[in-house]
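**Q** Sequence isn't available, so here's the structure alone:
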């Protein structure tokens, strides 16, 4: 065994050298074609606008899915914290089910399966929103549950002793404290939704990834096109992260 390990260690530098040599050979033989995005040429400018047009669909489906998943997640979290066993069991079953299903599989099942099973035909946008919402709401439920449970029980007991109703307790005692805890996680979930919206390209929604695939069919410059796609997602994610941090600072100043 020691002899085998010694041989492997001796061969490791050779493997690394061959790997870098292969990468260098590929890089040196590739002719970059950034002219397809040259804004001073009509075709390049058209390609830029074509890809940028996908940002609207990506943001629209992501924002709609996030709003719906937040509402579903909050309801599931409250059900999971309920003293009624059947509500708690339903919440736990929902969370475990949709956390276990890969989003791509769920998307294909919603778009192709529901019309066959219940006769419900959805458009591309609605199918994307529903699939993202079902998947993300399971994670949102855990985020809200953790935020609500982070509020000290003594404060809730004090609110009950003052005669506050359940809705008043949630509004005046629990929500203001929980939102500061869950805001970073909600920001992360929004970023997750934006990135996962790229999977909707498989059913044909003209979002960023779908348009990049279509342009690649016409131009056949995958490295340049998908590099630009990476840049688009990077700008979106950085902007969302900036908004979340700004909101966190605003809430911390109000504390």
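**A** Received the coordinates, thanks. The structure presented is a predicted model; accordingly, all values stated were derived computationally and were not measured.
**Q** Relative to residue 139, how far out is residue 132?
**A** 11 Å (CB to CB, to the nearest Å). Every C-beta, even on glycine, is put in place using the N, C-alpha and C of the backbone.
**Q** Can you pull out the low-pLDDT segments for this protein?
**A** Flagging of the chain using pLDDT under 70 yields the residue ranges 1-28, 253-255.
**Q** follow-up on the earlier one: who's more crowded, residue 132 and residue 139?
**A** Taking neighbours as other CB atoms under 10 Å, residue 132 and residue 139 compare with residue 132 leading, 28 against 19.
**Q** Hmm, the more buried one is touching residue 195, no?
**A** No. Using CB atoms under 8 Å, residue 132 is not in contact with residue 195; the gap is 10.8 Å.
**Q** for the protein, longest helix please?
**A** Assignment by DSSP state H gives helix 222-254 as the longest helix of the chain.
**Q** same for it, what does it pack against?
**A** Other helices and strands packing on helix 222-254, by 3 or more CB pairs under 8 Å, 6 or more residues apart in numbering; DSSP states H and E, are helix 42-52, helix 54-80, helix 175-196, helix 208-219.
**Q** For it, which residues meet the burial criterion?
**A** 224, 225, 228, 229, 232, 233, 236, 240, 244 (16 or more other CB atoms under 10 Å).
**Q** for stretch 209-217, same thing?
**A** Buried residues in stretch 209-217 (16+ other CB under 10 Å): 209, 210, 211, 212, 214, 215, 216.
**Q** Same check on stretch 70-87?
**A** For stretch 70-87, by 16+ other CB under 10 Å, it's 70, 72, 73, 74, 75, 76, 77, 78, 79, 80.
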